[in-house]
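Trainee: Need coordinates for the following:
(one chain, ligands or ions: 2)
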Amino acid sequence: MSDAVITRANQLSASGATADAIALLTKAADAGDVDALMQLAVWRLVGKTMPRDLSEARALLRRAVAIGHVDAALMEVALTANGSGGPPSWTAALSLLRTAAVDDPIAMEQLQLLDTMAIDADGAPTQLPSPEVLSTAPHIVRFARLFTQQECAHIAGVAAPMLEPARIIDPQTGQWVANPIRTSDDAAIGPTNENLVVRALNQRIAAASGTSIGQGEPLTVLRYRPGQQYRPHLDTIQGAQNQRIKTVLVYLNEGFDGGETVFPGVNLTVTPRGGDAILFDTVLTTGAPDPAARHAGLPVRQGAKWLATRWIRAEPIDPWTIS
Ligand SMILES: O=C(O)CCC(=O)C(=O)O
Ligand SMILES: [Fe+2]
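Mentor: Ligands and ions are numbered 1, 2, ... in the order given. Reported below is the predicted structural model:
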């Protein structure tokens, strides 16, 4: 029984018998157990039990796809597009997605949404809305309807099952505690979940911000319910070598009360509208954090506010090592 093999392998791994755990799974995988292949692939991706090895993970996923594992196929598409364990290739990823879509409705839905997008052969946008300047220092612009309603719903749908209350590690106790600055729920869409729709939207954000896609941290979805807010803060990270230099916020919905984004330093209030995006610089030309870029998400009074945030670094980052 495949379940029993996975359970036993996890028990062995938890008790420190990693070599036995790996041997058990490898044997089962070689005998055609697709769940054992997936478990090995996941260990290779997360670097737990075995050292992280993205190309080995890709090879394991390939074998699982060949046996007909649907989740492996979707994961392979994402990793192929974002260049995890091999060179990034939109074309190769799209071709894998088309194959998967033959009998997977999730893949089919993604293809249909991609068909509505104005993108080139690399998934980059061929057109963008013109930015409207909201502030010059700091530079803050708005792109009206950067995302369509369908695209917003897709991003929210990918993140929804992963949403968890925003937490930080208490420096005193080392325990996870509620984040005093941000009370929303959040979920980062990491590289294994970066399907082609998400990838194309990350490319759109990169184009709108004049940055390369590799500079963006994983797209993070925030959901604020009544009373939840993001208190005034800077997006920069104290002492970071590779600083956050820009932020893009995309409002995924509207129809709630409250939840405006405010920049008190420049007396600016932005009323969220579904699909609109705000882009702002978080650092001065010197590279130092810009205190005038302090901002907040006001408390939501009624309904739920959904937002996607992309914090953009000065240099490309490795999405596998960022926490
Ligand atoms: O919720 C908002 O309007 C602000 C979000 C924000 O500041 C952020 O994601 O960095
Ligand atoms: Fe922020």
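Trainee: And stretch 215-223, how far out from the chain middle?
Mentor: In terms of Cα atoms, centre = their mean, to the nearest Å, the centre of stretch 215-223 is set 5 Å apart from its chain centre.
Trainee: which bits of this protein sit near ligand 1?
Mentor: Residues of the chain lying close to ligand 1 (Cβ under 6 Å from any ligand atom) are 222, 230, 235, 247, 249, 261, 295, 297, 307, 309. The way it works is simple: take the backbone N, C-alpha and C, and place the C-beta from them, glycine included.
Trainee: thinking the second one is in contact with residue 184, fair?
Mentor: Yep, that's residue 230 we're talking about. Yes. Counting by Cβ atoms under 8 Å, residue 230 does reach residue 184; the two are 6.6 Å apart.
Trainee: Dump the residues of the chain next to ligand 1 into a markdown table; add neighbour count, secondary structure and pLDDT as well.
Mentor: Listed next are these as a markdown table, based on neighbours: other Cβ atoms under 10 Å; DSSP: H, G, I helix; E, B strand; the rest coil; pLDDT from 0 to 100:
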| residue | neighbour count | secondary structure | pLDDT |
| --- | --- | --- | --- |
| 222 | 22 | strand | 97 |
| 230 | 22 | strand | 95 |
| 235 | 21 | coil | 95 |
| 247 | 22 | strand | 98 |
| 249 | 23 | strand | 98 |
| 261 | 21 | strand | 98 |
| 295 | 25 | strand | 98 |
| 297 | 27 | strand | 97 |
| 307 | 25 | strand | 98 |
| 309 | 19 | strand | 98 |
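Trainee: re the thing from before, identify the contacts common to residue 230 and residue 184.
Mentor: 222, 224, 297 (Cβ atoms under 8 Å, 6 or more residues apart in numbering).
Trainee: Which of these sits closest to residue 45?
Mentor: When these are ranked by distance to residue 45 (Cβ to Cβ), residue 222 comes first, at 25.0 Å.
Trainee: beta partners of the closest one?
Mentor: Note on residue 222: beta-bridge partners by DSSP bridges are residue 186, residue 307.
Trainee: Need the nearest residue in space to the residue nearest the centre of the chain, chain neighbours excluded.
Mentor: Centroid-nearest residue in the chain, with Cα atoms, centre = their mean: residue 189, separated by 2.4 Å. For residue 189, ignoring the flanking residues on the chain, the nearest one in space by Cβ to Cβ, 6 or more residues apart in numbering is residue 219 at 4.7 Å.
Trainee: That neighbour reaches residue 200, doesn't it?
Mentor: No. Using Cβ under 8 Å, residue 219 makes no contact with residue 200, being 11.6 Å away.
Trainee: Helices of the chain, start to end?
Mentor: 2-14, 18-30, 34-46, 54-67, 70-82, 90-101, 105-115, 149-159, 196-209 (DSSP state H).
Trainee: mind listing what's buried in stretch 236-244?
Mentor: For stretch 236-244, burial by neighbour count (16 or more other Cβ atoms under 10 Å) applies to 236, 243-244.
Trainee: From those residues, pick the one nearest residue 37.
Mentor: Lowest distance from residue 37 to these (Cβ to Cβ) belongs to residue 244, with 37.6 Å.
Trainee: so what's that closest one bridging to?
Mentor: residue 313.
Trainee: so it touches residue 238, yeah?
Mentor: No. With contacts counted by Cβ under 8 Å, residue 244 stays clear of residue 238, the gap being 10.9 Å.
Trainee: give me the number of residues near residue 148?
Mentor: Residues within reach of residue 148, counting by other Cβ atoms under 10 Å, total 15.
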